[in-house]
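*Asks:* can't give you the sequence, but here's the structure:
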């Protein structure tokens, strides 16, 4: 069963860096009901790899990637909020992306899919809101890449959002994150099965995707967490260490599910994003019309550092946005928002509840 | 010109994990003069990748990897010390390793080179001391992998060393370091040119070695240093970022020089080393007869954490060794001992000078 719905992209859809898509669409799921004033929508942007299935529903009872955060009485409280999660443009879980057929040729876009910008993903989110007849979102929420897309959304659609929740995002990636992502892309491209992006669906570059995900897995968590969980315990086979089994599991799950060209486009879009391309960040936030913002950062996040969250909160305040900055302690590092849900619930729930539409 | 000399390994040479080598040898270089009592030798173990060329000399005037630390009046003061640096057994810069010919077959060992332990490298260092007629070293010095080998040396040769200088080593690697090294090895092995270790010398797996080194380069330094050096500056070609040029340079230099099978053996030997295999570390240090130790750690070293250095210093003290623990601040992270040489000189020089033989 699937709860996925689709919103059409404007066609032709001109991408930020020059490409054009025809007859594209954005996959989304929703929870709760839109109120009569169409004023209670929360737009949720995902990290690089998840689908729009953020939570279960009657139509799809399988648990979503933010199951504990979305539902009646939860942080994104569907008793009064209408939560909409979009699959990013360029991804491979229903939205138009490299694995989709190009309607002009009937063949998969594959390596010919245009270069992607996070702004394009935000335009995809806006297309979903337009499809649902929502002029102004009550809030936009995003974590990791989704936090960056949320900022792009504010920059592109002044007056379109009342409140912002940014979790472990950034206004522009630092060279440490850029370096790691470039290595992950190198790993995918070095896989001979990648064939310069021209791989058939039945022979995808699984080895390259696995290696990329292993690099991600090590950097998404903290060294402290790995030490507490695994120490020097041996692997099931005995020759290696348990931490290597963990990497292999995470990598296999990702390589089974993700399209390599999608991965490359989304990864590079994160490197290239720079909010300052839209103007000085305080001015961008001033123009955005956002009333209040919650910025959440995690001390042990080395990929999107807590200093980057502090800088974002400062820019929001300088732009006149009423900003709450929450520094969280979590051994889970960058992945904390997927793991330490009690902490995140305690941070996000009261903040959103105080801003009930 | 080369300053490399060779010491024979005992033959047959039985390795810790079961293999045997015949007619092996260890490459080394030395600086300064051995005193009449043969009591002023400093044995220097390297990190995973350097050769024995730690400093220039009349026979080889090219700068060595620790040029600023070795010489008259320097931290390893050749006015009164005889400094001997060994190329690790299993490496590819003169010592017997996978790229060496197997005297029984005349062909390179290649993939058939036996599994290596850091203890084997320490036995190689001891073979060099024996070759030079040195019964007891004044000091053993090692950084990174060399720091771990220095601990193996103490465990294997009680009474063989008076003083220890351990820089950013560890008694046993943590899962974060193990995970990263396993990914680096995966990258090498995934390169089709690796051919399960059976690559010809003229078609080595350069892409895999490059990728492995890129992962290393990112983790050897601190995110803060990368940010200060590169920020979001564009690459020379403009499409990418300067930090990616830096990774590519470091990777190319390594891939040009290093043998893949050597890399795999040395990397895995670091994962498997555990000083506790020789007994409780305080007892090992007590038995070792070491009089005093200098343990140096760097705050921003995520690969060999400062907490691991603190634990090492504590175990040495518990074993009755007069121990100095220096926590250094350096943005260079794990690589600080190769980069922040003023700081290292100021730490190591007075400590060794106070223990002049």
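*Replies:* Okay, I see it. Note that the coordinates shown come from a computational prediction; the quantities given were computed from them, not determined experimentally.

*Asks:* residues in contact with the residue lying closest to residue A:340 once chain neighbours are set aside?
*Replies:* Nearest non-adjacent residue to residue A:340, counting by Cβ to Cβ, 6 or more residues apart in numbering or on different chains: residue A:330, 4.4 Å away. Every C-beta, even on glycine, is put in place using the N, C-alpha and C of the backbone. Contacts of residue A:330 were listed using Cβ atoms under 8 Å, 6 or more residues apart in numbering or on different chains, and they are A:298, A:299, A:300, A:336, A:339, A:340, A:343.

*Asks:* now do 6 Å
*Replies:* Counting by Cβ atoms under 6 Å, 6 or more residues apart in numbering or on different chains, residue A:330 touches A:298, A:336, A:340.

*Asks:* Among these, the buried ones, what's the ChimeraX command?
*Replies:* A single ChimeraX command selects the buried members of these (16 or more other Cβ atoms under 10 Å in any protein chain shown):
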select /A:298,336,340
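
*Asks:* out of the contacts of residue A:330, who's nearest chain B?
*Replies:* residue A:298 (14.5 Å; Cβ to the nearest Cβ).

*Asks:* I'd assumed residue A:329 was in contact with the closest one.
*Replies:* No: counting by Cβ atoms under 6 Å, residue A:298 stays clear of residue A:329, with 7.6 Å between them.

*Asks:* Next, the distance between the ends of stretch A:348-357.
*Replies:* 15 Å (Cα to Cα, to the nearest Å).

*Asks:* Can you give me the buried ones in that stretch?
*Replies:* A:348, A:349, A:351, A:352, A:355, A:357.

*Asks:* tell me which element the first one is part of?
*Replies:* Right, the one you point to is residue A:348. According to DSSP states H and E, residue A:348 maps onto helix A:341-353.

*Asks:* so where's chain A shaky on pLDDT?
*Replies:* A:1 (pLDDT under 70).

*Asks:* residue ranges of the helices in it, please?
*Replies:* A:118-131, A:145-156, A:175-190, A:206-220, A:223-230, A:242-257, A:260-272, A:281-288, A:306-318, A:336-339, A:341-353 (DSSP state H).

*Asks:* Quick one: name the residues of chain A near chain B.
*Replies:* A:174-176, A:178-180, A:182-183, A:186, A:190, A:192, A:207, A:211, A:214-215, A:218, A:223, A:226-227, A:230, A:241, A:243-244, A:247, A:302 (Cβ under 6 Å from any Cβ of the partner chain).

*Asks:* List only buried entries from the residues you listed.
*Replies:* Buried among those (16+ other Cβ under 10 Å): A:174-176, A:178-180, A:182-183, A:186, A:190, A:207, A:211, A:214-215, A:218, A:223, A:226-227, A:230, A:241, A:243-244, A:247, A:302.

*Asks:* how far away is residue A:242 from residue B:43?
*Replies:* Using Cβ to Cβ, to the nearest Å, residue A:242 is found at 35 Å from residue B:43.

*Asks:* Who has more neighbours out of those two?
*Replies:* residue B:43 (29 against 18; other Cβ atoms under 10 Å in any protein chain shown).

*Asks:* Quick check: that one touching residue B:139?
*Replies:* No: in this structure, residue B:43 is not within contact of residue B:139 by Cβ under 6 Å, at 7.3 Å.

*Asks:* Overlap of the contact sets of the two?
*Replies:* With Cβ under 6 Å, 6+ apart as the test, residue B:43 and residue B:139 reach no residue in common.

*Asks:* returning to what we had before: tell me the most buried of the helices of chain A?
*Replies:* Of all the helices of chain A, helix A:145-156 carries the top mean neighbour count, a mean of 27, counting by mean count of other Cβ atoms under 10 Å in any protein chain shown.

*Asks:* Point out the other helices and strands that that helix packs with.
*Replies:* If you count contacts as 3 or more Cβ pairs under 6 Å, 6 or more residues apart in numbering or on different chains; DSSP states H and E, helix A:145-156 packs onto strand A:41-45, helix A:118-131, strand A:137-143, strand A:161-167.

*Asks:* Of all these, which one is nearest residue B:203?
*Replies:* The closest of those to residue B:203 is helix A:118-131. By Cβ to Cβ, the value is 40.6 Å.

*Asks:* Which other helices and strands does that closest one contact?
*Replies:* strand A:5-8, strand A:25-31, helix A:145-156.

*Asks:* same thing but 10 Å
*Replies:* Judged by 3 or more Cβ pairs under 10 Å, 6 or more residues apart in numbering or on different chains; DSSP states H and E, helix A:118-131 is in contact with strand A:5-8, strand A:13-14, strand A:25-31, strand A:41-45, strand A:82-86, strand A:137-143, helix A:145-156, helix A:260-272.

*Asks:* where's the shortest one relative to the chain centroid, distance-wise?
*Replies:* In other words, strand A:13-14. Averaging C-alpha positions (Cα atoms, centre = their mean, to the nearest Å) puts strand A:13-14 21 Å from its chain's average.

*Asks:* Show me what that strand is packed against.
*Replies:* strand A:20-21, helix A:118-131.

*Asks:* List the neighbouring strands of the first one plus their orientation.
*Replies:* Listed by DSSP bridges, the sheet partners of strand A:20-21 and their directions read strand A:13-14 (antiparallel).

*Asks:* hmm, who's touching the strand it pairs with?
*Replies:* Strand A:13-14 is contacted from outside by A:19-25, A:89, A:96, A:114, A:120, A:123-124, A:127, using Cβ atoms under 10 Å, 6 or more residues apart in numbering or on different chains.

*Asks:* which residues sit in contact with the residue in the stretch 251-357 of chain A that chain B sits nearest to?
*Replies:* Minimum separation of the stretch 251-357 of chain A from chain B (Cβ to the nearest Cβ) falls at residue A:302, amounting to 6.0 Å. Neighbour list for residue A:302: A:174, A:176-177, A:180, A:219-223, A:333-334, B:222-223, B:302 [criterion: Cβ under 10 Å, 6+ apart].

*Asks:* nearest to residue B:132, of the residues you listed?
*Replies:* residue B:302 (37.4 Å).

*Asks:* Now whichever residue of the stretch 1-150 of chain A sits closest to chain B. Nearest residue, chain neighbours left out?
*Replies:* Of the stretch 1-150 of chain A, the residue with the smallest distance to chain B, taken as Cβ to the nearest Cβ, is residue A:115 at 10.1 Å. Excluding the flanking residues, the one nearest residue A:115 by Cβ to Cβ, 6+ apart is residue A:17, at 4.4 Å.

*Asks:* I'd say that neighbour and residue A:116 touch.
*Replies:* Yes: Residue A:17 is in contact with residue A:116 according to Cβ atoms under 10 Å; the separation is 7.5 Å.

*Asks:* was I right about residue A:221 contacting residue A:333?
*Replies:* Yes: taking contacts as Cβ under 10 Å, residue A:221 lies within contact range of residue A:333: 5.0 Å.

*Asks:* intersection of neighbour lists for the two?
*Replies:* A:300, A:301, A:302, A:339.

*Asks:* Using TSV, please lay out the residues you listed together with distance to residue A:153.
*Replies:* Converted to TSV, the shared contacts of residue A:221 and residue A:333 look like this (distance: Cβ to Cβ, whole Å):
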residue	distance to residue A:153
A:300	28
A:301	22
A:302	26
A:339	25
